[in-house]
Every structure is written in structure tokens, then in C-alpha cells.
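Visitor: have a look; sequence and predicted model below, questions after that.
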Amino acid sequence: MEILVLLIGISVTVASGFLISFIWAVKSGQYEDEYTPAVRMLFDDKIN
Amino acid sequence: MATLQHIEPKTNCFHCGDEVKTRSFLLDEEQFCCQGCQTVYSILSDNKLGDYYRISPNAGTKQANFQESKFDYLDDANVIASLLDFKDDSLAKITFHIPVMHCASCVWLIENLYKLNKGIVSARVNLMRKEVVVMYNHNEISLRELVILLARTGYEPAINLGNEEGEKKTVSNKKIYYQLGIAGFCFGNVMLLSLPDYFDFTGEFHASMGSFVGFVMLVLALPVLFYSDLDYLKSAYAALKNRVVNLDVPISLGIVALFGVSVYEIVSHTGAGYLDSFTGLIFFLLLGKAFQQKTFDTLSFERDYKSYFPISITLKGANNTETTIPVNNLKVGDRMLIRNSELIPADAMLLKGRALIDYSFVTGESVPVEKVYGEIIYAGGRQVGEVVELEVIKSVKQSYLTQLWNNEAFTKVKETFFTSLVNSNSKRFTTIVLSIASIAAIYWYNVQGLEMAAKVFASVLIITCPCALALSTPFTLGNAMRIFGRKKMYLKNTAVIEEMAAIDTIIFDKTGTLSDTSQSEVVWYGTEILNDYQLMLVKSVLRQSTHPLSRSIYEQLNAEISEVANFQEFAGKGLIATVDNKEVKIGSSAFVNGEKMFSSQTAVYVSIDGKVLGNFALNHSYRNGLENMIADLKGNYRLFVLSGDNNREEGALKAIFGNEVPLYFEQKPEDKLKFVADQKAKGYKVMMVGDGLNDAGALKMSSIGVSITENVASFSPACDVILEASMLGKLASFLKFSKQSVNVIKACYAISLIYNLVGITITVQGKLSPVFTAILMPLSSITIMLFTTGLVSYVAYKLFNLNKNALWKF
């Protein structure tokens, strides 16, 4: 059963990684504009 | 009487897609409707930005001509400082609001602005908020030049007093995402750790791992207690301090009980605790809150006259010097220059020039009024035509229109008559729960002693924690608000729906609300219909005139053009000219008939060789679907019409509203405000439907102010609801929908009550277990969510025939 201690530790660490990346995403403003980036990525970068 | 036909549209402008009326604007084999559109096209094609038209066809917006000098104030250091977000030695950053942005082409062009001017470092668009953040090198391009560049490409930023005074929108809804994210993380992990315990029938797992798992869960629950649920605890504390009970009180009781019992069980090794339910509860509650928090970012519900007024004004000093000053510094006695399409910011007297004032901002009436030397022009009018000079007779804040904002309706916070359904029942709910808990505790104290009594008391608080109850309102109203939004009715917040359901009185403004001022119809009143020859004479003369009335009649007449001689125009009166040796007089009744005749309409009389033939009149057409809407509303609501106009259209209104609806005419802005206030004082719940600044007071005073607008992106006065004009006919359905949404909430209450009864029955017997709560709580929450989303969508589907796919798109 003691192996669970290690496994729980790992799982919580991995989950924390996701939590941190979520917080980072909110902080960097990804949820403020949900429309324009989707349009922007379709523009061609033409070399004039 | 004959209605004149429109000229058939032939081609559409390559830039803006509007109908092309003359063939004079041609470039690269493309046709344009006006000089402005052609200029934008040539700027873009010269700079190899022609892709603009490839991304979406006719992407541009119709170009109004503008004077570059109107942006002169942007050279003022104070103005620049107040507008900029950031500035250092070379770089400056500014956020513009550009209402006309609407499509992918707009994004593309604005983000490629740096190709037009080297000084621009970058531009970043947020299309939903219609904002663009521009970084530029202020040594290479000044703010004024930047704004002119934007305006010349067709994207004039809206800069006004309102946002200069620091009305910057701050995004505060990030917090709910953080709270939700953390609660979700903790909920998931605690659930994972609790799972073995649910199936630990032998007790072996609990014996060996129980204290470790319990400790980890406790650590995971701490951020939820100290961060995610703080808003609920704070709100409950504030309510109790004011000796009221809101829904957050029983929720907080449940939260505290859940956490307290869990800590006790884990520390004393008597059980696994209820931390799974605790974190789950908070997660679901926050989910509901986030769902409710949908707002319409691009719309502003808090505008006052400052948003309409210019930031600066040109003054004419001694020796004809022109200076530009901020509009706030305008003093009585100043001599100001008002150019074509500029707004007059203060009551003033006309000193020089021919003024044609368009009061559509104020009254909704779009036909300009002519003013002559010495007449007083009220603030809010827009000059059409040549440059005029005016002397300020009242300061901006004391002007006829703007002093409406000194009324106390604008200074005090709008009181809501409606305590939401949930909060009004919270007190009763909490009392019942506490008494059940106490009775059960007393019973168990007598049977098994203190420990069991405390356990049962806490368990009742836990199981009755009104989680499902708390979710039903946000989910129902949040969903309803999205459906309203899809039907082009934009609500300030979800509380508006509950208030809408309680409305019993509806007051309509006329001009601009019931009637469509942008579409006026030219009608001929005369003893006989004009023949082709007479039409030709009239049209030829009208062609020479720049008066807006002449223009709109000219555009709707279908006739040939002939040569005109001896053309004379008399300001404020009319036109005289000779065509084909016949003398044609067109103008006011006094001018043509030689006598002052009473005319209730904007009438333009015509005489040929001294013989008066009749007159043209411009009638506003009423919006579509009014009759049906009024018929639907009549039985259920008290209706009124308040019009700023005279009673010339009484007959037409009676035909729509019937005889029993009171119609009031010649109502000044204060009269409207007072009327609404009187109705409210009598205890009625009033909805005001209006559009212009003259309704602003009434809109603010009413329980629900509905602002009608042709174009949602344009300004509308402070209100609770912005409704697109084309959807006015659906008002009855909207009101019905709000009532049914409130009924859905009531149905949800019934469901959560059943869950609570089941829970209480088991709890008072002392049989509550963590597994049972862990199942019951999420189950009740999810049932409510599915029930309300499904039912609200179904109701909307029945009422509006929304297409099924759209219903599930959030």
C-alpha cells in the first residue's frame, strides 16, 4: 500500500502542472478575446 | 396621393457595398458610391493592401467626409497624456475604440497599418470588444497623424469626453476563472483520493492509508476554503451584519459545517470526512456563477451625453485666430466655429452662416431644422452644411439638454424594486433548516448524547446546503440571457430578466422608437398627380439645391432632368428657378402660397407659373410588426405613448394602438422623466422603450429602460437593455420569455426541494454517510443544470423558432 504515497505524490504534481498552465493562460489574456485569434491565423503572410 | 418609386439599384460600391447612384466615381474599373470610398480604395491599392477586399467582399464602411482639422486637439500635450496607456522616449501605446470594425478584413487591414506608416510598430485588434491597441513611435508619427490615418482608411476611432476622463474598462472577471480553476483542480484530486474509501468495505484501506490520504485531502481543501469560496462567505457575513438573510447565508452554513465536520473526522480518525462534497459544492457553485457572468463587452449600458459630445472645440478669437480648446473649458461668451457634421456642445446663438441643425441625437428626428441669425441653437444638434459661428450662451453642463443629467435620477444609484426570487425566500429557508437541525439534535442528544447530536446537527446543515437552489437561478438566467442576445436583445445583466417578468406598464417613445427615422417616404398631396412634364420641372430645380429636404425628395423622384435658369435659393424659405420658360417655386407654405398656413408635417409646396399644385411631405414609416405586438401586449400590460412631437400623427398611432391607449404629445425630456416617476410612485413596474438622448431621463428613471438602436455598435443612452430596432416587433415574445424563465426557476426550486426532503429524511435518522452526500450533491446539481438548460432552450424554441443547433451553442 505504501507505494500509493509515491503515486499520489506524482499524480498531484502532474495535476498541479495543469493548474499552473491554466492560471498562466488566464493571466496572459487568452480568455479575453476568443474570436480575433481564430481569424488572425488564417491570414497569409505575403512577401511583397 | 401617389407614392413615388425608388430608382432601381444598378451596381454596388466596391468598397462599402452600398448602391451606386452616379457613375462619377470610377477607378481601376471598379465603381464607388462616393469620393470617400474611392479614396480609401486608392490608399489601399497604392500600398498593396488590396487583399482587404479579397478577405470579405465590400468590406468597407460608407465614408463620411471629415475635416482633418477636427483632430487638431490631439496635438495638445494634456489630451495626449490622458489618452495614452504608456509612453517612453520613443514608443507610445494607445487603445482605440473603433465602432465600425466588423469583419475579418477590418482586422487584417488594421493589423497591417504598419505598411502605411513606418512610425506604427504594431496594431493588435480585439474584434469582440471593437478595440485596437496600437504601438507607435511618437517621434515619427504624432497621435493626430495616427488618428487621421485611421480615419482616412475608414476606421475613425471614437474618442470622446467619456473615455478621456478615465472610463477605462477593467477586466475583473479573471478572478472567477482563477477561483474556478483552483476549485476544479482540488475537487478532482480530492475525488480521486476519496474513491478508494467508498469501496473500502473491509476497512483495510482506511486503517493503513486513512490518515495520509486525509491529510492530503485537507491540504487540497485549504485553497478552496481560503480562496475559491471567499465571495460566498463574505457576502453572507455582510448580509448578517445588515440583519438580512440572503441565499449565501445557508450556503455558507453548509460550507462551514462541511469543512468543520471533515476536519474533526480526519483529525480524530473517526471517518473520511466530506471534503469531496465540500470541494465539489464550491466547484459547481462557481461554475454557475461563471455561466451567469456573460456580458456583452462591446456594448456600453452606462453612457451619458459626454459620450456623444466632441472632446474639443475650435474657438475664434480676435483677429480671426483659431484656437482649439477642450470642450470642458468652454465659457459663456466664447465664439465657436462649428463645421459640417460637428456637434454643438452647448446652447449657443447663431452669429454667422446658415445653420441646418440635425437634432436626431436629441429627438430622433432626422430632418434638419433651419436656423437664422440670432436664433438659439440647443446643445446636441449637429450642423449640416457650411461652417457657422456661434456664441456660447450657457456652459456645457447648464445647457437645455445636459441639465437633464443634473436630475437626481442620475446621481443616485438605481434602486431595484425587486429582490430576486431566491433572496426573498432565503430567510424562510434558513429558519426551517435551522429548526429541523435543532429538533433532530435535541432528539439525538436525549437518545445518544452530545457527540451524536452535534453530528446530526451538522449533517442537516450539510445535506440542506442549497447548492441546487443556488445553481438554478444562474443557469436559467444565464442561458436565457444568451438566447436574448441571439435574438438581438442585449441585457445589462441577468437580474434584468427577473425584473422584466414583473413589469406591468410599458411606455413607448414615438420618433425613432415606433417610427423609423432613417426611412422617410416622400408622399405627394395635391388635387392631381404630377405628370411627367411637371415632375421633370420640379426635379430639375431640386437638383440645384443642397438643402437636405431637396436632396431627399430629389432622390425619390423619377423623372428626366432639364436645364435650369435664374436659380435662386432663399435660406429658410425655398427655391425659385425658370425651367423651359416656366417659373417654378418650391418651398415652405409661406414662401409658395404667400400666406402662413397651418401644416402639421414637414411640407414642401410646389407652384408652377404661380399656380399652387400641392405639396410633398416626408412621412416616417412605422416599424414592422407593431400592430401584432401591440395587440399581444394590450391585454396584459398598461400601455402609454409619450411623443416629443406634435399630434400630427395621432391618427396613424391610433390605428396601431387603438383608442384606449393614452397618447401624450409634445413631451419634453423632463416631462417624460416625470411621467415615469409618477407611474413608479403609484407602485407600477415601468418599462420605458425609447431611443434618443431626450428619453435618457425616462430610461434611467424606469424599472427597465430599453434603448432601441439601428446599429448596436453605435451609441445609445444609459439603459438596462439594448434592443436592435428590427426586433422591436418581438417585444411581446421577449416579455413572455422572461416570465417563462422565471417559471423554470420555480420548477427548479421544486426539484431541489424534493432532493432536500430525501436528504433530510435520511439525515435526521443519523444515517448520513460521506458516500451518500458525495452522490446526492453532484446528482442534484447536475439534474438542475440539465433540467434548466433543456427547459429554457425548449421554451425559446417554441417562442422564437430558434434553430435547434443554435440552442446548444453557448
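Guide: Now that the structure is in, tell me what you want to look at.

Visitor: only C-alpha atoms for contact and neighbour calcs from this point on.
Guide: OK.

Visitor: which bits of chain B sit near chain A?
Guide: Applying CA under 8 Å from any CA of the partner chain, one finds that chain B approaches chain A through B:48, B:104, B:107-108, B:125-128, B:174, B:177-178, B:181-182, B:185, B:189, B:208-209.

Visitor: now do the phi/psi pair for the residue in chain A positioned nearest to chain B.
Guide: In chain A, the residue found nearest to chain B is A:Thr36; the distance is 5.7 Å by CA to the nearest CA. Dihedral pair for A:Thr36: phi -60, psi -40, per degrees, to the nearest 10.

Visitor: and the one 3 residues further on, by the same measure?
Guide: The phi/psi pair for A:Val39 (degrees, to the nearest 10) reads phi -80, psi -40.

Visitor: please give me every residue in contact with the closest residue to it other than its chain neighbours.
Guide: Nearest residue to A:Val39, sequence neighbours excluded (CA to CA, 6 or more residues apart in numbering or on different chains): B:Ala104, at 6.3 Å. Going by CA atoms under 8 Å, 6 or more residues apart in numbering or on different chains, B:Ala104 touches A:39-40, B:55-56.

Visitor: inside strands: which ones of those residues?
Guide: Among the contacts of B:Ala104, no member falls in strands (DSSP state E).

Visitor: up against chain B, what does chain A have?
Guide: Going by CA under 8 Å from any CA, the residues of chain A near chain B are A:1-2, A:12, A:15-16, A:19, A:22-23, A:26-27, A:33, A:35-36, A:39-40, A:43, A:48.

Visitor: so which of those are in helices?
Guide: Those of the residues of chain A next to chain B mapping onto helices are A:12, A:15-16, A:19, A:22-23, A:26-27, A:36, A:39-40, per DSSP state H.

Visitor: can I get the buried part of the residues you listed as one PyMOL selection?
Guide: The following PyMOL line selects those of these that are buried, judged by 16 or more other CA atoms under 10 Å in any protein chain shown:
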select buried, chain A and resi 12+16+19+22+23+26+36
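
Visitor: could you export the ones in helices among the residues of chain A next to chain B as TSV, including pLDDT?
Guide: As requested, those are exported to TSV (pLDDT from 0 to 100):
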residue	pLDDT
A:Val12	92
A:Ala15	93
A:Ser16	95
A:Leu19	95
A:Phe22	94
A:Ile23	94
A:Val26	90
A:Lys27	89
A:Thr36	83
A:Val39	80
A:Arg40	81
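
Visitor: shaky segments in the stretch 551-700 of chain B?
Guide: B:571-572, B:595-602 (pLDDT under 70).

Visitor: again, but for the stretch 151-300 of chain B
Guide: For the stretch 151-300 of chain B (pLDDT under 70), the answer is B:160-172, B:294-300.

Visitor: all helices for it, in order.
Guide: B:161-164, B:174-198, B:204-223, B:230-241, B:248-267, B:275-292 (DSSP state H, counting those that start in this stretch).

Visitor: need the contact list for the residue of chain A closest to chain B.
Guide: Applying CA under 8 Å, 6+ apart, the residues near A:Thr36 are B:107, B:125-128.

Visitor: can you pull out the residues in contact with the helix or strand hosting B:Ala655?
Guide: Element membership for B:Ala655, per DSSP states H and E: helix B:650-657. Residues from elsewhere that reach helix B:650-657, judged by CA under 8 Å, 6+ apart: B:626-627, B:630-631, B:663.

Visitor: gap between that helix and the chain center?
Guide: When distances are taken as CA atoms, centre = their mean, to the nearest Å, helix B:650-657 is centred 29 Å away from the chain's centroid.
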